[in-house]
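S.K.: Everything below, folded, please.
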Amino acid sequence: MADIETKLSQNQPLKTQKIFTGAQIFLRIVVVATSFASTWLMLTNKQIIDIGGFVLDANYKYSPEFKFLSYANIVVGAFSFMSFLFLVLVGRRSSNPTQYFILFLHDLALMSLLLGACAAATAIGSLGKYGNSHTGWMQICDHFGKFCNRATTSVAFSYFSLVCLLILTITSASKSRQIQDPDLEKASDDSMRLPT
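M.R.: As a prediction, this is how the structure comes out:
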């Protein structure tokens, strides 16, 4: 009976580590997919309309906020893919808390970049959809419906990536809390010894 309990207690950390690593890999794949989907939607987003003989066009290139969102998603997708490869190649073999601290910093930086891009794109999208009567800016989404719908979908994918990065940041931070200072451990061991 004691042998079975010993085996179960030894397998529990290994099983937990596998679940943790699997969740990290899955979330990174989701971040890569949604950030590249958002980028593709925004980079191919354009619409041309004819109003009373005037040809008007809407393109993501006309908005610095939409360009920032596109480029931020490219960076997030590429770096998330690199962290995915790092986790698959290195993280599966060991569960060194220092590696998770590096992943924590990585995920935090990507999350901050994407948060700024999402906020900027949301602000300009709201302005395009509702306008601003105080400053005289008219809404454009009533004329450029296809453009606005694709931009909204792109921003929604970016927010989904942001939520996944937030989860990755929190889990990496909790895993990296297990870092031990060797000097502190030595001092702790020395204080535990009885004086002779």
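
S.K.: Helix or strand: which one has the closest residue to residue 176 other than its chain neighbours?
M.R.: Closest residue to residue 176 apart from its sequence neighbours, by C-beta to C-beta, 6 or more residues apart in numbering: residue 101 at 3.7 Å. C-beta: built from backbone N, CA, C; applies to glycine. In this structure, residue 101 sits in helix 97-130 according to DSSP states H and E.

S.K.: sorry, back to before: does the residue nearest to residue 176 touch residue 169 like I think?
M.R.: No: the criterion here is C-beta atoms under 8 Å, and residue 101 misses it with residue 169 at 11.6 Å.

S.K.: neighbour-wise, which of these two wins?
M.R.: Of the pair residue 101 and residue 169, residue 169 is the one with more neighbours under other C-beta atoms under 10 Å, namely 20 against 17.

S.K.: close enough to count as contact, the more buried one and residue 104?
M.R.: Yes: using C-beta under 8 Å, residue 169 is in contact with residue 104, at 6.3 Å.

S.K.: Going along the chain, name the helices of this structure.
M.R.: For the chain, applying DSSP state H gives helices covering 2-43, 64-86, 97-130, 145-176, 182-192.

S.K.: list the contacts for the residue nearest the centre of the chain?
M.R.: With distances taken as C-alpha atoms, centre = their mean, the residue of the chain nearest its centroid is residue 165 (3.0 Å). Residue 165 makes contacts with 31, 76, 80, 107, 110, 111, 114, as judged by C-beta atoms under 8 Å, 6 or more residues apart in numbering.

S.K.: what's the spacing between residue 165 and residue 125?
M.R.: Using C-beta to C-beta, to the nearest Å, we find residue 165 at a distance of 20 Å from residue 125.

S.K.: State the distance from residue 159 to residue 127.
M.R.: Taking C-beta to C-beta, one finds residue 159 at 18 Å from residue 127.

S.K.: Good, wrapping up.
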